[in-house]
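Colleague: Here is a sequence with its predicted model. Questions after.
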Amino acid sequence: MLKKLNNLGFVIGIFFSIIALILIIGGLLSESLSTRLNFYTGFVFLVFGVLMASFSKDGSPREETKRPE
């Protein structure tokens with residue numbers, strides 16, 4: 001888990017997901033136009049955050065493949 005927290009893509013994804021949940025909950029609790037905009041923005045942030053967290057590398061070094069010469 002600590003390797004994931006050292007990965008910037010994972011941390012950014014979690015940050016956007018938390019902000020998205022705050023915006024979505026606020027958008028669901030109110031009926032005005034600005035909070036509906038918060039709801040839609042929260043949904044976009046949630047999609048972005050989940051994609052960032054899921055596509056981030058796991059932090060382990062990869063073995064490089066050697067090309068035949």
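Modeller: Now that the structure is in, tell me what you want to look at.
Colleague: from here on, contacts and neighbour counts on C-alpha atoms
Modeller: Fine.
Colleague: Just give me the neighbour total for residue 44.
Modeller: When neighbours are counted by other CA atoms under 10 Å, residue 44 registers 14.
Colleague: can you tell me how far it sits from residue 36?
Modeller: 13 Å (CA to CA, to the nearest Å).
Colleague: same check, this time on residue 7
Modeller: Residue 7 sits at a distance of 33 Å from residue 36 (criterion: CA to CA).
Colleague: Same drill for these two, tell me which one is more crowded.
Modeller: With neighbours defined as other CA under 10 Å, residue 7 and residue 36 compare such that residue 36 has more, 18 against 15.
Colleague: May I see the buried residues of the helix or strand hosting that one?
Modeller: Applying DSSP states H and E as the criterion places residue 36 in helix 33-55. Buried residues in helix 33-55, counted by 16 or more other CA atoms under 10 Å: 35-36, 38-39, 41-43, 45-46, 48-53.
Colleague: quick one: average confidence on that helix?
Modeller: In this model, helix 33-55 has an average pLDDT of 87.
Colleague: Now do that helix: which elements does it pack against?
Modeller: Judged by 3 or more CA pairs under 8 Å, 6 or more residues apart in numbering; DSSP states H and E, helix 33-55 is in contact with helix 8-29.
Colleague: Need the CA coordinates for stretch 33-41. CSV is fine.
Modeller: Listed next in CSV are the C-alpha coordinates belonging to stretch 33-41 (Å, rounded to 0.1, in the frame of the first residue of the first chain):
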residue,chain,number,x,y,z
LEU,A,33,-28.8,25.3,-10.6
SER,A,34,-25.3,25.9,-9.2
THR,A,35,-25.5,22.7,-7.1
ARG,A,36,-26.7,20.8,-10.1
LEU,A,37,-23.6,22.0,-11.9
ASN,A,38,-21.6,20.8,-8.8
PHE,A,39,-23.3,17.4,-9.3
TYR,A,40,-22.2,17.1,-12.9
THR,A,41,-18.7,18.4,-12.2
